[in-house]
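*Asks:* Build me a structure from this.
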Amino acid sequence: MPESTARGDGVPAEAPEADHIQSILDRPRLGVDALEEEIREAPGGIESTNVMRLFDRLRDPEPSVRLTALQWLVGRPEARVDALAATLHDPDPTVRMVAAELILGFGMGEDATVDDLVVTVEKTDPEGLRQLLTRMLPP
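*Replies:* As a prediction, this is how the structure comes out:
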């Protein structure tokens, strides 16, 4: 006996739910792809990309989009400190961890760990954090 179909096109009734699940899984990648395409298509590449538009992406609901924006912003010396300061307080623990690792990658001392940095961030007000990052990070 043929399998029942919800749409009458031979697709099993479960397919709409599977399609919905796949669309949910694809959303972060679609957001990242859109951001990367915007940067690639900017005349002059990342150097000419509007930094404020990238900062707007740090508020995107998808953590993967925020991470992608952070990675691009860290490459811009004029935006590095503010981008890292903002993402050290991100609601997503992965975003916070990546921000801390990026900072450590710039050199905070050979014995410093992500945990050390997290404790410092928790004890420091936003302006103090920006000043600390300005001293720690290269120009």
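*Asks:* Give me the number of neighbouring residues for P93.
*Replies:* Number of residues near P93 (other Cβ atoms under 10 Å) recorded here: 10. No exception for glycine: its C-beta is placed from N, CA and C like everyone else's.
*Asks:* what bits of the chain have low per-residue confidence?
*Replies:* The model of the chain has pLDDT under 70 over residues 1-31, 39-49, 108-111.
*Asks:* Let me see the ranges of the helices in it.
*Replies:* Ranges of helices in the chain, per DSSP state H, are 15-41, 51-57, 63-74, 80-87, 93-106, 114-123, 126-136.
*Asks:* Pull the contacting residues for the closest residue to A112 other than its chain neighbours.
*Replies:* Among residues not flanking A112 along the chain, L104 sits closest, at 5.9 Å (Cβ to Cβ, 6 or more residues apart in numbering). By Cβ atoms under 8 Å, 6 or more residues apart in numbering, the residues touching L104 are A112, T113, V114, L117.
*Asks:* Please apply the same query to L84.
*Replies:* By Cβ under 8 Å, 6+ apart, the contact list for L84 reads L70, V74, A99, L102, I103, L133, L137.
*Asks:* In space, what's closest to it - neighbours in sequence excluded?
*Replies:* Among residues not flanking L84 along the chain, A99 sits closest, at 5.3 Å (Cβ to Cβ, 6+ apart).
*Asks:* and what of E101?
*Replies:* Leaving aside its sequence neighbours, E101 sits nearest to V114 (Cβ to Cβ, 6+ apart; 6.2 Å).
*Asks:* just checking, the one you found touches A100?
*Replies:* Yes. Judged on Cβ atoms under 8 Å, V114 makes contact with A100 at a distance of 4.4 Å.
*Asks:* of those two, who's got more company?
*Replies:* Taking other Cβ under 10 Å, V114 and A100 do not tie; A100 has more neighbours (23 against 15).
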